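In: Would you be able to build a 3D model of this:
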Amino acid sequence: HLEEDAGKSLHPEGKEGVASLTAEMLRKGAGKRSAEQIAEAVDGVGGALATGAGMEGFYVSGEFMTGDADLMIELVESVLRKPAFPDSEFVKLRGQNVDGIVALKDDPGNVFRAYGSAYFYGAHPYGRPVGGDEATVAALTRDDVLGCYRDQFGGDRLILVVVGDFAVSTMDPKLRAAFGDWGKAAGALPRVTEPERVGGRRVLLVDKPDATQTYFWIGNRGVSVLDSDRDVLDVANTSFGGTFASLLNTALRVKSGLTYGASCRLQRLSAGGSVGIGSYTKTESTQKAIDLTLETLRAFRAAGLETARLSSARNYINGQFPTGLETAGQLATLPAQRLVEALGTDDPLEKGSMTFWSVMDHDTLPRHPFVPDAPRESAHIPVIIGNTRDEACAFTASDERNFHLTWDTVAAKLALQKKDFSAKFPNIVIQNT
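Out: Numbers count the residues shown, from 1 in each chain. Here you go, the predicted structure:
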């Protein structure tokens with residue numbers, strides 16, 4: 001699984017859909033293979049190869065048998081580094097995408113959340129549809145796709161995750177040979193600022209004369225993927241609108257029968273996000289359903305989470321982790337998503353006077369913990385605490401009292417040093433871990 005961070009705005013105004021079209025075109029001919037030959041190579045070994053674009057990045061995802069790993073690497077390298085973008089395939093795919101967008105709009109359930117999000121974000125890039133609309137996609141040219149690829153794809157923005165039954169000593173040189181010399185993307189890496197706060201209440205009405213149901217979306221500001229309260233919000237949202245047994249679905253479906261489903265979704269991106277409640281009901285019960293939705297939200301905000309519901313929400317979330325880590329594909333996707341999220345993290349070392357030295361031979365910890373390929377959990381930790389017995393020798397070698405320290409005696413030695421340190425610096429608190 002590979003992720004290409006394309007900055008935080010790969011959907012230029014007026015060119016919405018170009019990123020998605022570019023990503024799909026990667027499989028429509030690359031290197032020595034045509035689109036048909038790529039599909040035959042994948043299908044011939046029972047594999048899978050997908051490409052696409054999200055709000056803040058591109059992805060290439062493959063799943064192959066262990067014995068076909070070399071073919072997988074060859075195909076992925078080819079579509080990423082040697083796409084042909086044949087004009088005939090471009091024209092055909094563009095037409096298919098336009099037809100698909102038009103077809104989606106036949107059912108409001110496919111687009112009402114997207115409409116709500118676009119209205120909520122306004123002119124901000126997060127309000128632009130990843131796949132574009134029928135007007136912007138129809139106006140795209142092959143040169144637009146070539147420019148998107150040139151500006152956004154390169155080895156400097158590549159995140160590569162490989163999961164499977166293989167020897168690292170064998171796989172690593174193959175991946176380095178395939179991608180190690182890939183140059184930088186030509187374009188600058190744009191950054192999106194946090195959406196501006198807009199006060200008051202706003203309403204968007206979309207008229208569909210033949211509709212027999214009303215779909216509604218109620219949204220507000222959310223948090224970014226790196227917000228420190230994201231786990232707390234996950235628990236709260238699970239209880240309020242994240243499951244079938246949630247307060248929202250119970251009120252609108254189970255008890256009142258106004259809908260077949262109601263949920264609340266959290267969108268988290270690098271520079272912010274949104275919270276959106278969505279549901280639908282018969283046209284004649286529109287006001288009743290919206291009123292009950294807002295009433296349920298007000299009651300939840302006032303009463304908070306009962307102990308039983310809190311425990312249930314935590315147990316539900318914990319129970320979902322194993323099911324998301326069962327396959328190699330799931331394991332590959334998970335870290336790639338987190339790494340793209342971490343690209344929005346500021347590097348405190350560039351702003352302060354701290355220094356960072358990698359340990360030992362620069363293989364154990366080759367990069368400091370604030371760069372994008374560090375675990376998200378450590379993104380805001382200014383100090384890493386670990387086994388420093390060997391490293392400490394460099395600082396204590398001149399003191400002969402430390403020559404005979406062992407694991408059995410080091411605790412007592414540290415306790416004395418802690419006492420002396422605390423006496424000299426009473427304002428600094430040392431916590432035992």
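In: Report the distance from stretch 283-298 to the chain centre.
Out: With C-alpha atoms, centre = their mean, to the nearest Å as the basis, stretch 283-298 stands 32 Å off its chain's centre.
In: residue ranges of the strands in the stretch 251-400 of the chain, please?
Out: Under the criterion DSSP state E, counting those that start in this stretch, the stretch 251-400 of the chain contains strands at 262-269, 272-282.
In: low-confidence ranges in the stretch 251-400 of the chain?
Out: Low-confidence segments of the stretch 251-400 of the chain (pLDDT under 70): 334-400.
In: if we can go back for a sec, same list, the strands of the stretch 251-400 of the chain, but as a markdown table with distance to residue 406 please.
Out: C-beta: built from backbone N, CA, C; applies to glycine. Output for the strands of the stretch 251-400 of the chain, formatted as a markdown table (distance: least, C-beta to C-beta, whole Å):
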| stretch | distance to residue 406 |
| --- | --- |
| strand 262-269 | 48 |
| strand 272-282 | 51 |
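In: Compare the ones you listed and give me the one nearest residue 294.
Out: strand 272-282 (8.9 Å; C-beta to C-beta).
In: Show me what that closest one pairs with in its sheet, parallel or antiparallel.
Out: Using DSSP bridges, strand 272-282 pairs in its sheet with strand 213-221 (antiparallel), strand 262-269 (antiparallel).
In: Run through who's touching the longest one.
Out: Counting by C-beta atoms under 8 Å, 6 or more residues apart in numbering, the neighbours of strand 213-221 from elsewhere in the structure are 108-109, 112-113, 115-117, 120, 195, 197, 272-283, 286, 289-290, 293-294, 297.
In: so residue 51 sits in a strand?
Out: Yes: Residue 51: assigned to a strand according to DSSP: H, G, I helix; E, B strand; the rest coil.
In: Please look at it and residue 57 and confirm they touch.
Out: No: with contact defined as C-beta atoms under 8 Å, residue 51 does not reach residue 57; the gap is 11.9 Å.
In: Between those two, which is the more surrounded one?
Out: It is residue 57, of residue 51 and residue 57, that has more neighbours when counted by other C-beta atoms under 10 Å, with 26 against 22.
In: how near is that one to residue 22?
Out: Per C-beta to C-beta, to the nearest Å, residue 57 is found 12 Å from residue 22.
In: ok, now residue 171?
Out: 28 Å.
In: With neighbour numbers in mind, choose between the two.
Out: Shown here are residue 171 and residue 22; by other C-beta under 10 Å, residue 22 has more neighbours (27 against 14).
In: so which helix or strand takes in the more buried one?
Out: helix 18-25 (DSSP states H and E).
In: Alpha carbons of that helix, as PDB, please.
Out: Extracted as PDB, the C-alpha positions of helix 18-25 are listed here (Å, rounded to 0.1, in the frame of the first residue of the first chain):
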ATOM      1  CA  VAL A  18      -8.600  16.200 -11.500                       C
ATOM      2  CA  ALA A  19      -6.900  14.400  -8.600                       C
ATOM      3  CA  SER A  20      -9.400  11.500  -8.800                       C
ATOM      4  CA  LEU A  21      -9.100  11.300 -12.600                       C
ATOM      5  CA  THR A  22      -5.300  11.400 -12.400                       C
ATOM      6  CA  ALA A  23      -5.300   8.500  -9.800                       C
ATOM      7  CA  GLU A  24      -7.700   6.400 -11.900                       C
ATOM      8  CA  MET A  25      -5.600   7.000 -15.100                       C
END
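In: Mind giving me the packing neighbours of the helix or strand following it?
Out: Where DSSP H and E defines the elements, the next helix or strand beyond helix 18-25 is strand 29-30. Judged by 3 or more C-beta pairs under 8 Å, 6 or more residues apart in numbering; DSSP states H and E, strand 29-30 is in contact with helix 35-44.
In: Return the residues in contact with the residue nearest to residue 288 when sequence neighbours are not counted.
Out: What sits nearest to residue 288 in space, not counting adjacent residues and going by C-beta to C-beta, 6 or more residues apart in numbering, is residue 258, at 6.5 Å. Neighbour list for residue 258: 252, 281, 282, 285, 288, 289, 292 [criterion: C-beta under 8 Å, 6+ apart].
In: cool, residue 265 as well?
Out: 113, 241, 275, 276, 278.
In: Scan those residues and report the most crowded one.
Out: The most crowded member of the contacts of residue 265, judged by other C-beta under 10 Å, is residue 241 (27 neighbours).
In: Roughly how far does it sit from residue 309?
Out: Taking C-beta to C-beta as the measure, residue 241 falls 12 Å from residue 309.
In: where do the contact lists of these two overlap?
Out: residue 247.
In: ok, residues contacting stretch 277-288?
Out: 108-109, 112-113, 116, 211-219, 241, 248, 252, 256, 258-265, 289, 293, 297.
In: cutoff 10 Å now
Out: Applying C-beta atoms under 10 Å, 6 or more residues apart in numbering, the external contacts of stretch 277-288 come out as 108-109, 112-113, 116, 211-220, 240-241, 248-249, 252-253, 256-265, 289-290, 292-294, 296-297.
In: Pull out the buried positions in that stretch.
Out: Neighbour-count burial for stretch 277-288 flags 277, 278, 279, 280, 281, 285, 286 (criterion: 16 or more other C-beta atoms under 10 Å).
In: what's the closest of the contacts of residue 265 to residue 317?
Out: Nearest member of those to residue 317, counting by C-beta to C-beta, is residue 241, at 13.9 Å.
In: Apart from its chain neighbours, what residue comes closest to the closest one?
Out: Closest residue to residue 241 apart from its sequence neighbours, by C-beta to C-beta, 6+ apart: residue 264 at 2.8 Å.
In: State the distance from the one you found to residue 58.
Out: Residue 264 sits 29 Å away from residue 58, going by C-beta to C-beta.
In: Residue 95 too?
Out: Taking C-beta to C-beta, one finds residue 95 at 22 Å from residue 58.
In: Of those two, give the one with the bigger neighbour count.
Out: Each of residue 95 and residue 58 has its neighbours counted (other C-beta under 10 Å); residue 58 has more, 26 against 12.
In: Next, format the contacts of residue 265 as JSON lines and append distance to residue 230.
Out: Shown next, in JSON lines, are the contacts of residue 265 (distance: C-beta to C-beta, whole Å):
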{"residue": "113", "distance to residue 230": "20"}
{"residue": "241", "distance to residue 230": "16"}
{"residue": "275", "distance to residue 230": "12"}
{"residue": "276", "distance to residue 230": "16"}
{"residue": "278", "distance to residue 230": "20"}
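In: Verify the stated contact: the residue nearest to residue 241 with residue 276.
Out: Yes: here residue 264 reaches residue 276: they are 6.9 Å apart, a contact under C-beta atoms under 10 Å.
In: If anything else comes up later, I'll come back, but that's it for now.
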